[in-house]
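> sharing a model prediction with you, sequence too.
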Amino acid sequence: MGFSPLDMGCLGAAGALEEAPLRAFPSWRGPVLTTLLLFLFLYGYGSMKYVLFPYLAFGQNHFYQLPLETVNQTLPAVAMVTLALVYLPGLLAAGLQLSRGTKYRRFPSWLDCWLGSRKQLGLLSFLCAGLHGIYSMCLSIRRAAQYSLLNAAYRQVRAEIPNSWVEEKVWRSDLYLSSGILGFGVLCVLALTSLPSVGNTLNWREFTFVQSGLGYAALTLTVMHTLFFGWDMAFSPGSYSFYLPPMFVLALVLPCVVLVGRLLLALPCLACRLTKIRRGWETKRPRTDQEVGITNGVVADG
Ligand SMILES: Cc1cc2nc3c(=O)[nH]c(=O)nc-3n(C[C@H](O)[C@H](O)[C@H](O)COP(=O)(O)OP(=O)(O)OC[C@H]3O[C@@H](n4cnc5c(N)ncnc54)[C@H](O)[C@@H]3O)c2cc1C
Ligand code: HEM
């Protein structure tokens, strides 16, 4: 009939196999839960630091920020952390291969599972980044922004300041917006190659170039976007109100760890050894039968 046989285990697996077509989004459960928990944690953090604590401590009413501003702080932070979670398991896999000196040993099942969830994590990160882009476009058309602008203009007139141009702020905003838009553009390319109709037209090398190479480019651009956004605020004690670091600092930790890890792996001594291992070279001994066949094709298909 033209079907390819596939070994799915013993007869006892039949029950689970019959249920397989009825399961809804099984591969999305872990990544969606992770993203949701991250969102809830960071939204709670942002609400407390920027809304609740100022109200309790100084009676300032910032509750109007909850539906849009706080969401637009949380979404990009979630996007950054999830994007880092896409590239972290690859580094751990490389570390394991380096320490074991072979690619012919199974990764632990948690790492295997994590490596297999990267596509879903990446697409969820893309979704959060896209929503953040749209939210950001709407920042200036909000009533709150219009009132703030009017109030600032009034204060400026009263203070008789003819020109409020601050060169540093102009550079900062243009730099962070530009790197954010570029980062999002690269993420769009990654999302496009996820479509089976596009991904299937690429060979393994092209797919790896886009997913791995451009993926790291997207991560670097979004880290730059956040660094330009933060500018010198990370070093200003005022940003650490209530002894809590600003949201963008939290968002930067994991992506920076991943980028540093990637740079370390690019050191010639490690990179050469890793390339040899990926090509099948082994340090100590020939592989045993139980160790055969595992890590090839870690990059999942589209
Ligand atoms: C918007 C978006 C969409 C995405 N869509 C997809 C998608 O459709 N499909 C998908 O798989 N991922 C997708 N991802 C996730 C991610 O981009 C890819 O998984 C990417 O390939 C990860 O690159 P990497 O360099 O971290 O890991 P990899 O290139 O997978 O390498 C991980 C580790 O595997 C080992 N390894 C690599 N090559 C070999 C080899 N030849 N032999 C033995 N071991 C090897 C090494 O230890 C390496 O460090 C997407 C991400 C985003 C943001
Ligand atoms: C269309 C592209 C993008 C635009 C127009 C954009 C715009 C903005 C704007 C205007 C801000 C400041 C928000 C504020 O003042 O509260 C901001 C902050 C931020 N952006 Fe983006 N951005 C884009 C893409 C991205 C992407 C792809 C990421 C990461 C994946 C990202 C991560 C962040 C982070 C972490 C912050 C700091 C949030 C905070 O702590 O307040 N952005 N961006």
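Sure, I can see it. Ligands and ions are numbered 1, 2, ... in the order given.
> for the stretch 201-302 of the chain, what spans make up the helices?
204-208, 215-230, 247-265, 268-278 (DSSP state H, counting those that start in this stretch).
> which bits of the stretch 101-250 of the chain sit near ligand 2?
129, 132-133, 136, 139, 177, 180-181, 183-184, 187, 222, 225-226, 229, 247-248 (Cβ under 6 Å from any ligand atom). Any C-beta I mention is one placed from the backbone N, CA and C, and that applies to glycine too.
> write a PyMOL command that selects only the buried members of the residues you listed.
A single PyMOL command selects the buried members of these (16 or more other Cβ atoms under 10 Å):
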select buried, resi 129+132+133+180+183+184+187+222+225+226+229+247+248
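> just to revisit the earlier point, now mean pLDDT too, for the helices of the stretch 201-302 of the chain, in TSV please.
TSV is the format used below for the helices of the stretch 201-302 of the chain (pLDDT from 0 to 100):
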stretch	mean pLDDT
helix 204-208	95
helix 215-230	98
helix 247-265	98
helix 268-278	95
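> could I get the ones you listed as JSON lines with distance to ligand 1?
Shown next, in JSON lines, are those (distance: least, Cβ to the nearest ligand atom, whole Å):
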{"stretch": "helix 204-208", "distance to ligand 1": "6"}
{"stretch": "helix 215-230", "distance to ligand 1": "4"}
{"stretch": "helix 247-265", "distance to ligand 1": "7"}
{"stretch": "helix 268-278", "distance to ligand 1": "4"}
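> highest mean neighbour count out of these?
Comparing these by mean neighbour count (mean count of other Cβ atoms under 10 Å), helix 215-230 comes out on top with a mean of 20.
> between it and helix 247-265, how many degrees?
Angle of helix 215-230 versus helix 247-265, following axes from the mean of the first three to the mean of the last three Cα atoms, to 10 degrees, is 140 degrees.
> what's in contact with helix 215-230?
76, 79-80, 83-84, 86-87, 122, 129, 172, 175-176, 179-180, 182-183, 186-187, 190, 246, 248-249, 251-252, 255-256, 258-259, 262 (Cβ atoms under 8 Å, 6 or more residues apart in numbering).
> burial count for the closest residue to Gly101 other than its chain neighbours?
Once flanking residues are discounted, Gly101 sits nearest to Thr283: 2.9 Å by Cβ to Cβ, 6 or more residues apart in numbering. Per other Cβ atoms under 10 Å, the neighbour tally for Thr283 reads 12.
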